[in-house]
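Trainee: Pasting the sequence and the predicted coordinates here, then a few questions.
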Amino acid sequence: MCTHTPTTAADLVHKRRFPAEVEDAIESFRRQFGGVLDDIREDLGERIVQAGPTDAETVAELVIAEHEDAVIASLKEGGREGVDAGRRMASRRFGLDIDFEQEPTSAIEAVEDVVDSFADDSLDEMATRVGSDLEGWLEEGLGVDDIADRIQSRDYGQQLQDRHAETHARTLVQGASERGNHEAMREAPGVVGERWNATADGRERDTHAEADGQIVPVDGTFIVGAERLEHPGDPGAIIEEIANCRCYATPVFEDDLTQDELAQLRAGQRLNV
């Protein structure tokens, strides 16, 4: 068991940055998923030369599909690292008493349950984007050797990482870290609710700004737009509400509330809606 001196919720509201634990998990995922993308890119370059221009897009789809297991494994590992990062962040920042020897099974399962569909979308998007690149190069009149050279180039490798590794890192890993944060609040004694905090810098979604300050019971759900989210970045929500989300939840303790507010929260009601 472990406790730390907490950072207050007010400190986080006015000074928002991804915590060190989450940034480390995001960077770890970027490197890992970047390696998967490099393997895909290398196979693409080799196979397109063998297949010729008429089958280039088909080969791209096949090569990407052949790497499905590696993509799924990388996404699941990123999710697990995110959950762990979220729990450690919650312990350090809020002084929550967390048993780190106990694996957060429900949090990991919740993240992994959506990885398969997330991976399907990822693979489809990758195939579509690469296919579009190939189509453009063929229309330019490039031969297969030139196309292979472009695919193998450092610039194209960075382009793939910007499109996929960066987006997934901010969406999947950050969402998983908030799941870990959520589980830490559920585990910790004394936490009665959670508060939604939007990063108000002019780039936040309108629905997230409207949810700012909303307090729900620790086992409740936030109302965000037309969605019900267990936590920011909830992977069960539609992608429009979670992609690159920078919102975060903070714990609410009994002494943060009036007696009337506490009674409402214990009755399952939301506050500040």
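Mentor: That came in fine, so what should we check first? Residues are numbered from 1 along each chain as shown.
Trainee: Looks to me like Trp196 is in a strand.
Mentor: Yes. Looking at Trp196 with DSSP: H, G, I helix; E, B strand; the rest coil, it is inside a strand.
Trainee: so it makes contact with Glu210?
Mentor: No. Assessed by Cβ atoms under 8 Å, Trp196 is found out of contact with Glu210, at 9.7 Å. C-beta here means a position set from N, CA and C on the backbone, and glycine is covered the same way.
Trainee: Now do the shared contacts for those two.
Mentor: Common neighbours of Trp196 and Glu210, counting by Cβ atoms under 8 Å, 6 or more residues apart in numbering, are Val224.
Trainee: So which of those two has more stuff around it?
Mentor: Neighbours were tallied for Trp196 and for Glu210 using other Cβ atoms under 10 Å; the higher tally belongs to Trp196 (24 against 16).
Trainee: Now do the same contact list for that one.
Mentor: Trp196 sits next to 208, 211-216, 222, 224, 232, 247, 249 when contact means Cβ under 8 Å, 6+ apart.
Trainee: what do you get for Val59?
Mentor: 44, 47-48, 51.
Trainee: So for it, what's the pLDDT?
Mentor: Predicted confidence (pLDDT) for Val59: 87.
Trainee: Which of the helices or strands spans it?
Mentor: Val59 is part of helix 56-66 when elements are defined by DSSP states H and E.
Trainee: can I have that helix written out in CSV, keeping just the CAs?
Mentor: The C-alpha coordinates for helix 56-66 follow below in CSV (Å, rounded to 0.1, in the frame of the first residue of the first chain):
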residue,chain,number,x,y,z
ALA,A,56,0.0,-2.0,-55.4
GLU,A,57,-3.1,-1.1,-53.4
THR,A,58,-4.2,-4.7,-53.0
VAL,A,59,-0.8,-5.6,-51.7
ALA,A,60,-0.9,-2.6,-49.3
GLU,A,61,-4.2,-3.9,-47.8
LEU,A,62,-2.8,-7.5,-47.5
VAL,A,63,0.4,-6.4,-45.9
ILE,A,64,-1.4,-4.3,-43.3
ALA,A,65,-3.8,-7.1,-42.6
GLU,A,66,-0.9,-9.5,-42.1
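Trainee: Give the residue spans of the stretch 1-150 of the chain that score low on pLDDT.
Mentor: 1-17 (pLDDT under 70).
Trainee: picking that back up, point out the ones among the contacts of Trp196 that are inside strands.
Mentor: The strands, defined by DSSP state E, take in 215-216, 222, 224, 249 from the contacts of Trp196.
Trainee: Farthest-apart pair in those residues, please.
Mentor: Comparing every pair within the ones in strands among the contacts of Trp196 by Cβ to Cβ identifies Ile215 and Val224 as the most remote, at 13.5 Å.
Trainee: ok, the residue most central in space within the chain - contacts?
Mentor: Taking Cα atoms, centre = their mean, the centroid of the chain lies closest to Leu172, which sits 2.0 Å from it. Shown in contact with Leu172 (Cβ under 8 Å, 6+ apart): 29, 75, 78-79, 82, 115, 118, 235.
Trainee: rerun that using 6 Å as the cut-off
Mentor: The contact partners of Leu172, taken as Cβ atoms under 6 Å, 6 or more residues apart in numbering, are Gly78.
Trainee: how about it, secondary structure?
Mentor: helix.
Trainee: Which other helices and strands does the top helix by length along the chain contact?
Mentor: If you go by DSSP state H, the chain has its longest helix at helix 105-139. On a contact count with 3 or more Cβ pairs under 6 Å, 6 or more residues apart in numbering; DSSP states H and E, helix 105-139 meets helix 56-66, helix 68-94, helix 174-187.
Trainee: and Gln102, which of these is closest to it?
Mentor: Judging these by Cβ to Cβ, what sits closest to Gln102 is helix 174-187, at 8.3 Å.
Trainee: Counting by contacts, list what that closest one packs against.
Mentor: helix 68-94, helix 105-139.
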